[in-house]
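1. Predicted model and sequence below, questions to follow.
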Amino acid sequence: MATIRKLQGVLDRDDKDRILMTLQNLVKICEADGLYEYPEMNNKIYLHHKGFYQIENLDKFINLKTVYLENNMIQKITGLSCLKQLQHLFLQHNTIKEIEGLEENKELITLNISHNIISKVSGLDQLKKLENLSLGSNQLKDFESIHKLKDLPSLSCLGLENNFIAYDPKILDEIFTQMPSLKVLYLQGNDYTHEFPYYRKKMIGTLKQLTYLDERPIFPEERILSEAFAEGGKEQMQNLLKDINDKKQEAKRLEQIQNQQKNAEVKQKRIIFFENNLKKSLIEIETLKKKLNRAHQISDPYLVNQLEENLKKERALQEDIQYTLRLMKEGQKKIQETQLQKSQNTQNKENMQDNIPELKAQDNTSLIQQDDIEKLLSSLLLGTNREEEFDEDNLIKQLEETIQQIAQKIGKESIDLTNLVNTNLVKQKVEQFKTENPDHLRKIQEKRFENIIKYSNQTQDENDEDIHIIQSETSTQSNSAQQSEQNYLDDLE
């Protein structure tokens, strides 16, 4: 604004203190706006808000494509015939009474001549490339004042808002229907829109190419309904509307079912995740128990303390997982009950029940994997104290009992281990364990020899004790016999 005020003081004026559109003034304006001082080098010029009352002296601006002349005091369109390349012309907010002087501007694409005092559309016959025409807020009143619009074949955006156009069926039938490129139309603020029965429906239903009417766009559903109204009246439109609403409800119902299924799948995956973590925790607890027993046997207090601490942490983790898993399963059950209750309150009860997403439980056979079997088997072997415990049948029995206990803690039914646990696997694992843990076997054998020696010593001690008892009894009996014989002899004497 400071630049404009400064510029106002240096521009040439007439005797009535009105700014003149002289070449010198035009060059000064270009320089102030950062444009070229040489007229022919400019392709646009800003002449708005200058107070011009006449268009003139643009002859040297032969390459102009855009001219801004809004908000002046221009009463007549003149002086533009030299601008052969002009494409965009802005003349809104002036005092123009008639559209004229544009015959040579055949490249014109945009013409904004709104907020003037034009009472009739004319002088546009040569503008075959005109696409955007703004005639809002003028003095247009009836069919005769706008019927020349049909001679603009390229016109796609037309603004006629806030005029005084009255309803006339010929406006739609003989003007708008003859404009094949028309896509955007502004008619609000005219009597035409109020006096035309079912105005919007009939306009949309008749003008197939229209995409925007007045203050809002035309969406596909509105177009379908409007075309139905134009063809068969209100009844056909209502029937179509009912069909559309039914389809929407069905689509919404299917979407809800899909969302329920997706949510159910996500929740089930979470449950499976926690079940797997619980399984791992239980297996780890079993392994730690075996290691702890072994540590007690070899009397290693440091290892015992460490394993007890690890076992305590693992049990705490197990409790947390079990608590979370229980909450998730309770929530899952409530969702199923709620969905079933909803399905019972609908007319399509059976169909809805068929579509209720089933929360499939995790396959029991997939709960325990091969690596879990091997890990449990290793922990069992680690806790063996006698060679007899390496027996395949005994190990399989212990393994199956441990797995079933884990499954019950997770909340699963008994698991079929036919394809997971077999004699060959156990035998192979035992041989591998013996190869990888020779010290363990040596200690078992040493323990066995100790037990044998201990048993032998215990047996020898028991035999010695028996001999001693027999000797004692024999001695006692001999003494008793001697005493009896002595007593007998004494009696004879």
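-> Great, that's in hand. Residues are numbered from 1 along each chain as shown.

2. Any stretches of the stretch 301-450 of the chain with poor pLDDT?
-> 343-450 (pLDDT under 70).

3. and if we set it to 80?
-> 332, 335-450 (pLDDT under 80).

4. Show me what the helix or strand hosting Leu254 is packed against.
-> Per DSSP states H and E, Leu254 falls inside helix 220-297. Helix 220-297 sits against helix 199-206, helix 301-344, helix 364-367, helix 370-382, helix 392-410, with contacts defined as 3 or more Cβ pairs under 8 Å, 6 or more residues apart in numbering; DSSP states H and E. Quick note: C-beta positions are derived from backbone N, CA and C, even for glycine.

5. go with 10 Å
-> Contact analysis of helix 220-297 by 3 or more Cβ pairs under 10 Å, 6 or more residues apart in numbering; DSSP states H and E lists helix 199-206, helix 301-344, helix 349-355, helix 364-367, helix 370-382, helix 392-410, helix 438-492 as its packing neighbours.

6. Please work out the average pLDDT along it.
-> Mean per-residue pLDDT for helix 220-297: 86.

7. could you give the angle of that helix to helix 301-344?
-> Angle of helix 220-297 versus helix 301-344, following axes from the mean of the first three to the mean of the last three Cα atoms, to 10 degrees, is 150 degrees.

8. Next, count neighbours for Glu314.
-> Neighbour count for Glu314, taken as other Cβ atoms under 10 Å: 18.

9. Same question for the one 5 residues further on.
-> Glu319 is flanked by 11 other residues according to other Cβ under 10 Å.

10. and it, how far is that from Arg326?
-> Using Cβ to Cβ, to the nearest Å, we find Glu319 at a distance of 11 Å from Arg326.

11. swap in Asp300?
-> 37 Å.

12. Same question for Gln306.
-> Taking Cβ to Cβ, one finds Gln306 at 31 Å from Arg326.

13. Ile77 too?
-> The gap separating Ile77 from Arg326 is 83 Å, by Cβ to Cβ.

14. do the same with Arg253
-> The value you get for Arg253 to Arg326, if Cβ to Cβ is used, is 32 Å.

15. and Gly101, what does it touch?
-> Ile55, Lys76, Ile77, Thr78, Gly79, Leu80, Ser81, Gly123 (Cβ atoms under 10 Å, 6 or more residues apart in numbering).

16. rerun at 8 Å
-> Lys76, Ile77, Thr78, Gly79, Leu80, Ser81, Gly123 (Cβ atoms under 8 Å, 6 or more residues apart in numbering).

17. Kindly report the same for Leu317.
-> Ser281.

18. tally of neighbours for Phe143?
-> For Phe143, using other Cβ under 10 Å, the count is 16.

19. correct me, but it touches Lys170?
-> Yes - the pair Phe143 / Lys170 is scored as a contact, 5.1 Å apart, by Cβ atoms under 8 Å.

20. Mutual contacts of those two, please.
-> Counting by Cβ under 8 Å, 6+ apart, nothing touches both Phe143 and Lys170.

21. So what's the residue count around Tyr212?
-> Tyr212: 13 neighbours (other Cβ under 10 Å).

22. swap that for Ser181, please
-> 13.

23. Which neighbouring residues are in contact with the closest residue to it other than its chain neighbours, exactly?
-> Residue nearest to Ser181 in three dimensions, not counting chain neighbours: Ser156, with 4.8 Å by Cβ to Cβ, 6 or more residues apart in numbering. Contacts of Ser156 were listed using Cβ under 8 Å, 6+ apart, and they are Glu131, Asn132, Ser181, Leu182, Lys183, Val184.

24. distance of Ser156 from Glu222?
-> 20 Å.

25. Pass me the low-pLDDT residue ranges in the stretch 1-150 of the chain, would you?
-> Across the stretch 1-150 of the chain (using pLDDT under 80), the flagged ranges come out as 1-9.

26. For it, which segments are assigned as strands?
-> 44-46, 66-68, 88-90, 110-112, 132-134 (DSSP state E, counting those that start in this stretch).

27. right, so of those, which gets closest to Gln261?
-> strand 132-134 (49.8 Å; Cβ to Cβ).

28. returning to what we had before: more neighbours: Arg253 and Arg326, which one.
-> Arg253 (15 against 12).

29. any idea how far Gln260 is from that one?
-> Arg253 sits at a distance of 11 Å from Gln260 (criterion: Cβ to Cβ).

30. again with Asp320
-> In terms of Cβ to Cβ, Asp320 sits 29 Å off from Gln260.

31. Specify the residue ranges that define each domain of this structure.
-> The chain is divided into the following domains under automatic domain parsing: 2-244, 255-439.

32. from these, which stretch is densest packed?
-> domain 2-244 (a mean of 17; mean count of other Cβ atoms under 10 Å).

33. I'd say Glu144 and Ser122 touch.
-> No - contact criterion Cβ under 8 Å: Glu144 and Ser122 do not qualify, at 10.9 Å.
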